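Participant: Predicted model follows, preceded by the sequence.
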Amino acid sequence: MKKDFAKKSRRSRSKKKRGAAASSAAVSPISSAPEVSSVLNAPEAPPVVAPSWLIILCFIVPPLLAVIVFRNASHVEFIGDTRFLITGNEYIKSLSYWFQTLVHDYFWSSSGQTIPYWRPFTKLSWLLEWRWFHEWAGGYAWVSIAWHALGCVGIAKLGRQVGLTCIVAGIMAGIYALHPVAIEPAGMIMDRSDVVATTACVWAVVAWRAWRRAEPRSYRSYLLLLGHALLVIVALASKEVSIVLPAVLAAWAVFEGDLAATRRRCLVTIVPAAAISGIYFVARHAVLERYAHGQSATELSLDPLRFVTSLAWYLRNAWPLSINSSLRQVPIAEAKSVGVLLTSIATLAIAVLVGVWALRRRHVALGALMAWMLLGLVPVLMTRDIAVPTADDRYSLANRWLYFSLGPLLVVFALLAMEGLRYLRERSRSPAAARASTAVVMIMIAGWATVMLARSAADREWISSEMAMVNAEDHIFYQSIPPQFRTRFDDCRHEQRAMITALWRQQPAEAAERGPSALARCPDDAEVKLFYLDALVQLKRYEEAEGLARDLVRSPPRDARNHGRIAFLAGVTLLERGDTAGARPLLVKAVSLGYAKCGIFVDLAQEAEARGRFVEAASALETAFQCGGRRDVSLRVAEAILLYYAGERDTARKVLNSLAGLTLSGDLAARVQSLQQALDAETTGKMN
C-alpha cells in the first residue's frame, strides 16, 4: 500500500516538473532555447574547453590545407577579365590614379569598358599589388588564396561560436578549404571580389556575435565593434552581394529572440551594418550614375522555375563530401524536364523539412545559418541581368556565387551531423554501435580529404591558363549539357572556343578553316567573326579579312572587352589594303585601350620606309612620338630625316626647330647637325 502511494507521489511530482518545463518553454523567447539544442545541453553555453594544442590544430590545419591544394598558384597566368584589368590596364601602373579607381565602376581601365558594379576595394588592392608583383600573376593569386585561408579560420571560429566541438569545427573548416566549389573563387584572380567579400562577411558575423556578448562599454567591446564595422566596409567594397549582411544579422537576432519585449534593445546591434550598407548604396548609385550612366539600377525578376531549379542545384553542390562541382548554365528546357524538376523539388523538400525541424526545436544556429544561406543566394536567383555571357533561354549558375553561402551551409551540415550522431547514441542500446557510426563518418571524411588532396593539382589545372580554362568551359558548358537541350547559343559558344583554342595553339590555318562553317551557323556572332579575322590576319590573307574588319568596326560586339583587339586587327588589315587614313585611328584606339603598345607605330614606320613610302613612315613615327608621351626624341629626329628624303623640306625644318633647346645624345646631335647642314646647303643653293 505504502509502496503504491510512493510510486503515485513520484509520478505526480514528475508530471508537475514536466508541466512546468513545458509552460516555461511555451512563454520563453527563442533566445532561451539552446544554441545547438541538446548538443550543448545548456542554453547559450560556451563551447567545451579544449586543450590548447587541439585549438591550435583547429585553426591552423584548415588554412594549411588551403595553401597545400593551391601550391601551384605561382605558375598561373592572367586569364579572363584580369588581362584588361591588370596587365592591359595603363591606369594600374601609377598610384596617381588611386582616386579615379575609387570613384569609377569595376571595369574602369584603359580598355574603356564599363559594368554596373562598384568594387573599389578589389581595384585599389590590385593597384597596390602592382607595385610588388607587376606582371607576375602568381603574386595576385597568392593574395586571393590568403583570403581563402583566412576564411577557413573564420569558418572554424564561427563553428566554435555555435557550439561545434573543436574537432568538428576544424574538420568543417578543412572541408571548406578543400571543397570543389572553392576552386574557382579562391584560385582565379578575376574572382578576387568573391573571396574577399565572403571572408569579410564571415568574420563580420563572428565579430558581431562576439560584440553582442562582450561586456558593454568595455575596451574589448569597442574593439569588436570597430572590427565589425571595418569588415562590413571591406565586404561591401568588394562585392554587391554583401548588401544582404544586415538582413543576415537581423535574421540571427530574431532567431535569438530580440523581438521579445525584454530584448528589443539588442536590435540596436544591427544598426552599424545597416547604416554602412545605406551609405554604400547611396555612394554606389552616385558613382555608377556618373561614370556608367543608366547602370546603377538593379532589375529584379521573380521566376519560380529559376528559383526552384537554381536553389536546388546550389544545395546539392554544397554537399560536404562532393568530389566535383556540377554548376553550369542550365537551359530552361532542361530545367522544365521531369527528371530535373523532381530532383529539384525533392532537394528543396528536404531543406524545408530541416528548416521546420529547426524551428520546432528552436534551434537558433540552424535557423540563422539557413537564413544566411538563402539570403546569400537570393541576389543571384532574382537579379535579371547579372552581366555574364549568356542567353535568355538559360539560367546561369556559378561556383563563385555559391561560395558566398558555402561556409554557413557547411556549418549547417556539421550541426545536423552532430544531432544525428547524438540521436544514434541515445537510441542505440550498444555503445559500440554508436562509436562505430562515428568512426564510419570520420573514415568517410578522411577518405574524401585524401582523394581531394591527391587530385588537387589536376583539379586546379583548368584555372592556370586561358587555354585550359576554355577547354574546361567547353566540357562544363557544352559537353555536359544533354544534346537534346543544347541551343544555338551553345553551338556558337562551342565554335568560339574551338577557334580561339586553335589560335592559342598557334594554328591560325585551323581556325581559318573553321571560319566559314562557323559563320554559316552563327552569322551574327561577333566573337566568331573576330576569331576568324584574327586567323586571316595571322595568315596575311588581308583581302579576305577586309570585309570582316569593316563589319566589326561598323557593328562591334556589345561586350567592350574585345574592342581593343578588333581595332588592332582592323587597323592592320586596312593598312595592308592601302587605307592608311582608316587604319591610323583604329591603331591609336587599340593603343589607348591597352591592346597594343606604342611600338606598333615604329613597326609600321619601318614597313612603310622599306616600301619607299617616306611620308607615311614619318607620320607613323609622329604618332609613336605622341603616343609615348613625347619622351623619345629619337623618333622626332628619324621623322625629320624621313621627311627630308620625301622632299618635304619645310616640314622637316619645322620638326628640327621643335627640338631646339633639348639636350641630345652625341649620336642624335650629330644626325640633327648633319640634317640641318643639308637643309641649309639647299637653302643657300636656292638663294644663289
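Facilitator: Cool, the structure landed. Residues are numbered from 1 along each chain as shown.

Participant: Residue 276 against residue 234, yeah?
Facilitator: No: counting by Cβ atoms under 8 Å, residue 276 does not reach residue 234; the two are 10.5 Å apart. C-beta here means a position set from N, CA and C on the backbone, and glycine is covered the same way.

Participant: just the helices in the stretch 551-688 of the chain please.
Facilitator: 563-576, 580-592, 599-610, 614-627, 633-645, 649-657, 666-687 (DSSP state H, counting those that start in this stretch).

Participant: tell me, which of those is the model least confident about?
Facilitator: Ranked by mean pLDDT, the helices of the stretch 551-688 of the chain end with helix 666-687 at the bottom, a mean of 73.

Participant: Give me the helices and strands touching that helix, please.
Facilitator: Judged by 3 or more Cβ pairs under 8 Å, 6 or more residues apart in numbering; DSSP states H and E, the packing partners of helix 666-687 are helix 633-645, helix 649-657.

Participant: so which of the ones you listed is the most packed in?
Facilitator: Mean neighbour count (mean count of other Cβ atoms under 10 Å) peaks for helix 633-645 among the helices and strands packed on helix 666-687, with a mean of 21.

Participant: Export it to CSV, keeping only CA atoms.
Facilitator: In CSV, the C-alpha atoms belonging to helix 633-645 read as follows (Å, rounded to 0.1, in the frame of the first residue of the first chain):
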residue,chain,number,x,y,z
VAL,A,633,63.3,62.4,-79.1
SER,A,634,64.9,59.9,-81.4
LEU,A,635,61.5,59.3,-83.1
ARG,A,636,61.3,63.0,-83.8
VAL,A,637,64.8,63.0,-85.4
ALA,A,638,64.0,60.0,-87.5
GLU,A,639,60.8,61.6,-88.6
ALA,A,640,62.7,64.7,-89.8
ILE,A,641,65.1,62.6,-91.8
LEU,A,642,62.3,60.7,-93.5
LEU,A,643,60.6,64.0,-94.4
TYR,A,644,63.8,65.2,-95.9
TYR,A,645,64.1,62.1,-98.0
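
Participant: In the chain, where is pLDDT below threshold?
Facilitator: Scanning the chain for pLDDT under 70 picks out 1-50, 291-300, 385-391, 594, 683-688.

Participant: Let me see the ranges of the strands in it.
Facilitator: Under the criterion DSSP state E, the chain carries strands at the ranges 330-331, 394-395.

Participant: Tell me which of those strands lies nearest to residue 87.
Facilitator: Nearest to residue 87, of all the strands of the chain, is strand 394-395, at 31.1 Å by Cβ to Cβ.

Participant: And for the closest one, what's in contact with it?
Facilitator: Residues from elsewhere that reach strand 394-395 (Cβ atoms under 8 Å, 6 or more residues apart in numbering): 306, 309, 310, 329, 330, 331, 332, 335, 487, 489.

Participant: and those residues, which are buried?
Facilitator: With neighbours counted using 16 or more other Cβ atoms under 10 Å, the contacts of strand 394-395 contain these buried positions: 306, 309, 310, 329, 330, 331, 332, 335, 489.

Participant: Quick check: the third one touching residue 397?
Facilitator: In other words, residue 310. Yes: Residue 310 lies in contact with residue 397 (Cβ under 8 Å); the separation is 5.7 Å.

Participant: list residues touching both of these two?
Facilitator: With Cβ under 8 Å, 6+ apart as the test, residue 310 and residue 397 both reach residue 330.

Participant: Residue 75: neighbour count?
Facilitator: If you count neighbours by other Cβ atoms under 10 Å, residue 75 ends up with 11.
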